[in-house]
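Visitor: Output the structure for:
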Amino acid sequence: MHELTSILRQFAVIIRKDLTMEFRTRDILYPMALFSLLLVVVFSFAFLSDPTRVRDYGPGIIWVTVLFASTVGQNRLFDRERENGCLWAMLLTPASRGAIFAAKAAGHFMFTLFMEVLTVPLIILFFDLPVPHPATLVASLVLGTMGLSLIGTLFSAMLMNARMKEVLLPLVTFPILMPVIIAGVKVTALAVGAQVAEDASMWLKFLLGFDMIFGVVTLLLFDRMIRS
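Guide: Coordinates of the predicted model:
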């Protein structure tokens with residue numbers, strides 16, 4: 001019990017540090033928000049020529065925006081720790097590796113959700129996209145974003161000092177994240193009332209299972225990959 005309390009305290013300290021620094025500098029939030037807003041504007045000009053098919057391409061637009069903006073945040077997630085070897089100093093402290101990883105993943109999860117709160121309503125507004133099942137849409141975004149954050153945080157740490165990190169990170173993570181994107185698009189299509197002969201609960205269970213499995217896998221691999 002004492003060990004669990006210590007890990008939770010370490011998690012709280014790290015995430016509070018990251019959130020405090022981010023809301024002072026906006027090094028991650030501003031690029032994510034600007035990039036996602038740019039995508040929304042570009043898509044609005046590209047697809048508004050056929051408003052009758054908005055339920056068909058709307059879910060894809062939402063998840064492409066989430067995926068690309070999330071990747072922008074992942075590229076900058078460990079920039080502060082890279083300077084002056086701060087990450088190695090953190091690893092030399094008694095702090096649990098699991099607490100470090102969980103705090104960084106939770107921080108990225110919060111940043112991405114903040115971006116979604118800004119951009120998803122704009123997509124719904126610009127495209128006049130009906131959402132008869134808003135709870136299903138929210139569930140898909142939360143579960144899908146959790147999967148993006150877990151995988152992205154792990155490989156962002158691994159590629160922190162790599163050359164051309166901005167190119168390598170999408171190449172490594174996108175193939176692993178394709179099941180999340182496909183499931184997210186399917187659930188979002190059902191949430192907006194598209195004629196899809198599938199059950200939303202099946203895809204939501206898939207997203208939940210993905211998050212649970214990769215939550216354990218990424219937690220176990222973090223210490224080994226960060227030292228490679």
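Visitor: can you pull out the helices in this protein?
Guide: Secondary structure of the chain by DSSP state H: the helices cover 2-25, 29-47, 54-75, 79-82, 86-91, 97-126, 134-158, 165-191, 200-226.
Visitor: Low-confidence regions, this structure specifically.
Guide: Filtered on pLDDT under 70, the chain yields the residue ranges 1-2, 48-52, 82-85, 87, 227-228.
Visitor: now with 80?
Guide: Low-confidence segments of the chain (pLDDT under 80): 1-4, 7, 22, 25-28, 46-54, 75-95, 160-166, 194-198, 223-228.
Visitor: Thought residue 69 was touching residue 148, still the case?
Guide: No: assessed by CB atoms under 8 Å, residue 148 is found out of contact with residue 69, at 9.9 Å. Where C-beta positions appear, they are placed from N, C-alpha and C, glycine not excepted.
Visitor: which neighbours do these two share?
Guide: Common contacts of residue 148 and residue 69, defined by CB atoms under 8 Å, 6 or more residues apart in numbering, comprise residue 112.
Visitor: about what we covered before: can you redo the helices of the chain as TSV with mean neighbour count?
Guide: As requested, those are exported to TSV (neighbours: other CB atoms under 10 Å):
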stretch	mean neighbour count
helix 2-25	13
helix 29-47	16
helix 54-75	22
helix 79-82	16
helix 86-91	14
helix 97-126	20
helix 134-158	22
helix 165-191	19
helix 200-226	16
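Visitor: Any figure for the gap between residue 188 and residue 64?
Guide: 11 Å (CB to CB, to the nearest Å).
Visitor: same thing with residue 211?
Guide: 21 Å.
Visitor: Equivalent analysis for residue 207, please.
Guide: The value you get for residue 207 to residue 64, if CB to CB is used, is 17 Å.
Visitor: Put the alpha carbons of stretch 213-228 into CSV.
Guide: Provided in CSV are the C-alpha atoms of stretch 213-228 (Å, rounded to 0.1, in the frame of the first residue of the first chain):
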residue,chain,number,x,y,z
ILE,A,213,-3.3,-4.6,-23.5
PHE,A,214,-1.0,-1.8,-24.8
GLY,A,215,-1.3,0.0,-21.4
VAL,A,216,0.5,-3.0,-19.9
VAL,A,217,2.8,-3.6,-22.8
THR,A,218,4.0,0.0,-23.1
LEU,A,219,4.5,0.2,-19.3
LEU,A,220,6.7,-2.9,-19.3
LEU,A,221,8.7,-1.8,-22.4
PHE,A,222,9.3,1.8,-21.4
ASP,A,223,12.3,1.2,-19.1
ARG,A,224,14.0,-1.0,-21.7
MET,A,225,13.3,1.2,-24.7
ILE,A,226,14.3,4.4,-22.9
ARG,A,227,17.7,3.0,-22.2
SER,A,228,18.3,1.6,-25.7
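Visitor: what's it in contact with?
Guide: 87, 91, 97-98, 100-102, 105, 146-147, 150-151, 153-154, 157-158.
Visitor: Pick the one among the residues you listed closest to residue 55.
Guide: residue 147 (24.2 Å; CB to CB).
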